[in-house]
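Asks: Sequence first, predicted coordinates after that:
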Amino acid sequence: MAFIANVLGGAARARLYEALAGHMDNGLPELEALRLLRTRTHKEDKRQKRLLDEAIAAMEAGAPLSHALQKHVPDMEYMLLAAGDANGRPAETLKHLAELVTMRGRVISAVRGALSYPLFLLFCFIGLLLTVAFFVVPSFTTLVPAERWFGFARLLRDVADFTASWKSLVLLLIILALVLLTLWSLPRWTGKLRALADHVPPWSLYRLLTSAVWIFTLGALLKGGIRADDALQLSLEGSPSAWLKGHLNKLYAFFAQGNDLGETLAHAPHSFLEKDMAQELAFYAALPHFAQRLPLLADQWLKRRIAEVEAACRKLNAFGILCIFFLLTLVGLAIWDLITVLSQGTNIF
């Protein structure tokens, strides 16, 4: 991926592609469309101004649109722009790119929204646990010495002692390291073990998003007039993910043996395309206008899978609420036990 790709976000790139395509549909050449956008860019939007200035300078030096934007967009989008330059339909390619970036942003937003409440519950639980460990339990030990606690009160004290000790910090660091390692592995980890991991979260979620975006990209390439073999090759060359490259290499090798696109997609391993999706793609590949159907199929597939993600997140919500309820119940039962100690007139000093 280009270094400056993160400077201009996906939503801004989608608006840029749509605006460029609109001006070019109205008859403006690519360079003039860029210049018009530059004059209409607010001075506060320094990132887009820099992008347009560099793109205009590159095109004035004779570079095509794809090369002018290469440093500012992800590799996959650059490949689509290059395909648009090659087939002489850059405006149409820009429209497909805007759809692709918008769809990808919509998916990420939906997943982020589904995960936000479980994360909120997790932080609530951690905050409540720290409150009990550092404020509630120490306050009660001023009334009843810790060695006299029994039953649920003793269990609460043990939980608080562990939370306030170095062991909980070590556990937290281990969990954080595992989370970071998992995130690092998503685009990089390959092999037989990864094929098994692709059926469980979070790797299954990464497979869902990446494969759906690839299908959408493949459809955009085919709709742009690119042949199937060239489309597979372009998507392979433009992939920044080792995981995706590994799967696309296998698909391209199978296609190169003389199989058509439908047979190739049906041959995709379930660690890349789920069985039902591979079968649907193979069926639609035999029908006319397959390229036009691909983005719609990818969108429908994503909606179904996102609904499943939301259902799983609702289960996480229920689990988080139960954890908070358990901790609050434990505090209540511990207080009851301590009241029992006090009511029995136990010498607490």
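Replies: Arrived safely, thanks for sending.
Asks: mind listing what D25 touches?
Replies: A91 (Cβ atoms under 8 Å, 6 or more residues apart in numbering). Glycine gets a C-beta too; all of them are placed from N, C-alpha and C.
Asks: Could you do F272 as well?
Replies: 198, 207, 211, 247.
Asks: low-scoring stretches of the stretch 101-250 of the chain, by residue?
Replies: 224, 238 (pLDDT under 70).
Asks: can you map out the strands along it?
Replies: Ranges of strands in the stretch 101-250 of the chain, per DSSP state E, counting those that start in this stretch: none exist.
Asks: could you pull out the helices for it?
Replies: For the stretch 101-250 of the chain, applying DSSP state H, counting those that start in this stretch gives helices covering 137-141, 151-164, 166-188, 192-197, 203-223, 228-237, 242-256.
Asks: Quick one: closest of these to L94.
Replies: For those, proximity to L94 was assessed by Cβ to Cβ; helix 203-223 is nearest, at 10.4 Å.
Asks: what distance separates the closest one from the middle of the whole chain?
Replies: Here helix 203-223 is found 12 Å from its chain centre; the criterion is Cα atoms, centre = their mean, to the nearest Å.
Asks: which strands and helices sit next to it?
Replies: Using 3 or more Cβ pairs under 8 Å, 6 or more residues apart in numbering; DSSP states H and E, the elements in contact with helix 203-223 are helix 75-87, helix 90-131, helix 166-188, helix 228-237, helix 242-256, helix 290-343.
Asks: Pipe the helices of the stretch 101-250 of the chain into JSON lines and attach distance to P74 per row.
Replies: Listed next are those as JSON lines, based on distance: least, Cβ to Cβ, whole Å:
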{"stretch": "helix 137-141", "distance to P74": "51"}
{"stretch": "helix 151-164", "distance to P74": "43"}
{"stretch": "helix 166-188", "distance to P74": "12"}
{"stretch": "helix 192-197", "distance to P74": "23"}
{"stretch": "helix 203-223", "distance to P74": "11"}
{"stretch": "helix 228-237", "distance to P74": "12"}
{"stretch": "helix 242-256", "distance to P74": "13"}
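Asks: out of the ones you listed, nearest to A312?
Replies: Set against A312 and scored by Cβ to Cβ, these come closest in helix 203-223, at 9.3 Å.
Asks: Show me which residues of the closest one are buried.
Replies: 203-223 (16 or more other Cβ atoms under 10 Å).
Asks: A114 is in contact with I306, correct?
Replies: Yes - in this structure, I306 is within contact of A114 by Cβ atoms under 8 Å, at 7.3 Å.
Asks: Can you get me a residue count around the residue lying closest to L94 once chain neighbours are set aside?
Replies: Closest residue to L94 apart from its sequence neighbours, by Cβ to Cβ, 6 or more residues apart in numbering: A21 at 3.9 Å. Neighbourhood size, A21 [other Cβ atoms under 10 Å]: 21.
Asks: Spell out which helix or strand contains A21, please.
Replies: Following DSSP states H and E, one finds A21 within helix 10-25.
Asks: what do I306 and A114 both touch?
Replies: What both I306 and A114 touch, as defined by Cβ under 8 Å, 6+ apart, is an empty set.
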